[in-house]
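1. Need coordinates for the below:
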Amino acid sequence: MNLDAIDAEKPVVGMVHLPPLPGAPKYDGDFDAVHESALRDARRLEAGGVDALLVENFGDAPFYPDDVPKHVVASMTRVATEIRDAVSLPLGINVLRNDAAAALSVAAAVGAAFVRVNVHVGARVTDQGIVEGEAHETMRLRDRLDSDAAVLADLDVKHSAPLAERPVDAEAVAEPVQRGLAEGVLVSGAGTGHEVAGDHLEAVARARDEAGLDAPVLVGSGTTRENVADLLATADGVVVGTALKEGGETTNPVDEARVAELVAAADDAR
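-> Purely as a prediction, here's the structure:
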C-alpha cells in the first residue's frame, strides 16, 4: 500500500466538501443539487491543476462520532462514483467524524486511492465526545475488502484535544505508521482553515525521520497561496479546501482561479 496512485511530487490535494446529505439536519431535500455542487467543485479543482481530490461529507454536521448510518455510505458512494467518472484525478474519501470503515467501504466501491482517518490510533476529545482510534478494525477491514486504498492518519487532528499531553517525538509519530500500519500522516491547525504551526510541522517531520519511517507527512489544514511554498519546504504534500473557495469561505463554491494561483505557487516550490 502506498500513494503511488498520486503521480506528483509533493501533491496538492483539493477538497470536495459535500453539501448536507440526505438525513443530515441541514439537508434541503434536493439531492440533484448535491451532485451538481460536487461535480462543479471537482471539475474546477481539476481544471485549476490539483493532483488529487478528497471527498468529505463536510455538510453533515453535527457529525456521528464513529458510525454513520447506511444512507450516508450510500449517498457518498453515489456522489464519489459520479466524481470518479467526471474527472481523471485520484480520489480520497473521508467520512466524518471518524468512520474509517465507511470511508474504506466507499473507497473500495469506487476505486479510491486513499482514505483520511481523523483518529486512527489513540483517543481525542472532540465535540462528538471521546473518539477512539480503531486501527485494529480498519486495517483488517481493508484486507477483507482487498482494497488498495492507502490510509492517511491525522496527528493531533483539528477540532479536538488530547486526553493527555505527550511530546511530538519519534515514538508518537511512529505509532500510527508502525503499530497502526497507516501509509502517511497529516498535521493540521486547530480548526478548518487554520494554519499549521511551522514548528509543529517541523517537529513531526523530524520525528518521522528519527523513527526511520518511509511515510509522507502532509498538511491537513490552513494551506494558502501565500504559505504553500514554505509548507512544502518541509511537508510532503498539502490538503487544501478553504483557500480554494470563492472569497476564502469554506462553504462557498471552488474558485478555479484561486486553485490555479495556489497550484502555481506550489509548483514554484516543487
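2. Most remote residue from the middle of this structure, which is it?
-> When distances are taken from the C-alpha mean of the chain, G29 lies farthest, 26.5 Å away, according to Cα atoms, centre = their mean.
3. Let me know the pLDDT of that one.
-> For G29, the pLDDT comes out at 97.
4. Now the worst-scoring helix or strand of the chain on mean pLDDT: buried residues?
-> Least confident helix or strand of the chain, by mean pLDDT, DSSP states H and E, is strand 160-162 with a mean of 85. Residues of strand 160-162 classed as buried by neighbour count (16 or more other Cβ atoms under 10 Å): S160. Where C-beta positions appear, they are placed from N, C-alpha and C, glycine not excepted.
5. by contact count, what packs against it?
-> Under the contact definition 3 or more Cβ pairs under 8 Å, 6 or more residues apart in numbering; DSSP states H and E, strand 160-162 sits against strand 123-126.
6. so what secondary structure elements neighbour the strand it packs on?
-> strand 129-132, strand 160-162.
7. CSV for these, including distance to D214?
-> Putting those into CSV (distance: least, Cβ to Cβ, whole Å) gives the following:
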stretch, distance to D214
strand 129-132, 27
strand 160-162, 26
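8. nearest to P11, of these?
-> Between P11 and these, the tightest spacing by Cβ to Cβ is seen for strand 160-162, at 24.9 Å.
9. about what we covered before: so the residue farthest from the centre of the chain sits in a helix?
-> No - G29 is assigned coil when assessed by DSSP: H, G, I helix; E, B strand; the rest coil, not a helix.
10. And it, how close does it get to L21?
-> 11 Å (Cβ to Cβ, to the nearest Å).
11. where does the residue nearest to the spatial centre of the chain land in three-state SS?
-> Ranked by distance to the mean C-alpha position of the chain (Cα atoms, centre = their mean), the top residue is R116 at 4.6 Å. Under three-state DSSP, the three-state class of R116 is strand.
12. now swap in L53 and tell me
-> With three-state DSSP as the criterion, L53 reads strand.
13. Low-confidence ranges, the stretch 151-270 of the chain, go.
-> Within the stretch 151-270 of the chain, the segments meeting pLDDT under 70 span 191, 193.
14. Go again with 90.
-> 156-169, 172, 188-200, 269-270 (pLDDT under 90).
15. so where do the strands sit in it?
-> Using DSSP state E, counting those that start in this stretch, the strands found in the stretch 151-270 of the chain span residues 160-162, 184-187, 217-219, 238-240.
16. burial count for A24?
-> Around A24 there are 19 other residues, counting by other Cβ atoms under 10 Å.
17. Quick check: it touching D60?
-> Yes - using Cβ atoms under 8 Å, A24 is in contact with D60, at 4.3 Å.
18. any idea how far the residue nearest to L181 when sequence neighbours are not counted lies from G184?
-> Counting by Cβ to Cβ, 6 or more residues apart in numbering, M139 is the residue found nearest to L181 once chain neighbours are left out, at 4.9 Å. According to Cβ to Cβ, M139 and G184 sit 14 Å apart.
19. Compare those two (neighbour count), which wins?
-> Neighbour tally, M139 and G184, criterion other Cβ under 10 Å: the higher count belongs to G184, 23 against 17.
20. Tell me what the more buried one is bridged to.
-> Here G184 sits in beta bridges with L152, going by DSSP bridges.
21. Contacts only, for it.
-> For G184, the contact set (Cβ atoms under 8 Å, 6 or more residues apart in numbering) comprises 3, 150-153, 177, 215-218, 236.
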